[in-house]
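K.L.:
Kindly return the folded structure for what I paste below:
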Amino acid sequence: MATVTRHALVARDVAFDALVDPRTYPRWLVGARDIRAIDDDWPETGSRFHHRVGLVGPLTVADFTRCLEIERPSRLVLEVRVRPFGRGRVTFSLSEAGERGGNPVTRVTMDEAPIGLLAAATPALDPLIESRNRASLNALVAYLNGPEAPVPGGR
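P.N.:
Residues are numbered from 1 along each chain as shown. The predicted structure follows:
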């Protein structure tokens, strides 16, 4: 399993709100291009959001992500899909990590593992997944710490 941890200078609720809002994903998640639709009951367990992913040029693939577990404001587990490549299980864990300069600090950990047919390739895929997730969490922290960061309760 590829695990990456970063710290954001925001309250845990703010970080969690960004993670459960699929509209933020194209701002920080490597490969996320656009969000096509969000189920009305998102982020309830079993609900989905529909997206386009791509890494090179205009080539994108339409797929969806499903919520497997949610424990507000500390844990979000998603089944991610990128056809035709496969599926993965991503777990976001958030915890309070003190203060810095008068600001709350939130520790965000992202664990991802291939599931289904790709599970056997985990040792080979982990370095690639970890690199992508490191870039994604760096971008998430930059977004959370930046001027367009979400505020508790929405904008």
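K.L.:
Please report the residue range of the longest helix in this structure.
P.N.:
helix 122-145 (DSSP state H).
K.L.:
Go ahead and measure how far it is from the middle of the chain.
P.N.:
Relative to the mean C-alpha coordinate of its chain, helix 122-145 is positioned 9 Å out (C-alpha atoms, centre = their mean, to the nearest Å).
K.L.:
Quick check: buried residues in that helix?
P.N.:
Neighbour-count burial for helix 122-145 flags 125-126, 129-130, 132-134, 136-137, 140-141, 143-144 (criterion: 16 or more other C-beta atoms under 10 Å). From N, CA and C alone the C-beta is placed, and that goes for glycine too.
K.L.:
I'd like those as a markdown table, with pLDDT and distance to residue 26 appended.
P.N.:
Shown next, in a markdown table, are these (pLDDT from 0 to 100; distance: C-beta to C-beta, whole Å):
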| residue | pLDDT | distance to residue 26 |
| --- | --- | --- |
| 125 | 79 | 23 |
| 126 | 84 | 25 |
| 129 | 87 | 19 |
| 130 | 92 | 21 |
| 132 | 91 | 15 |
| 133 | 93 | 16 |
| 134 | 96 | 18 |
| 136 | 96 | 11 |
| 137 | 97 | 15 |
| 140 | 97 | 12 |
| 141 | 96 | 16 |
| 143 | 95 | 11 |
| 144 | 95 | 15 |
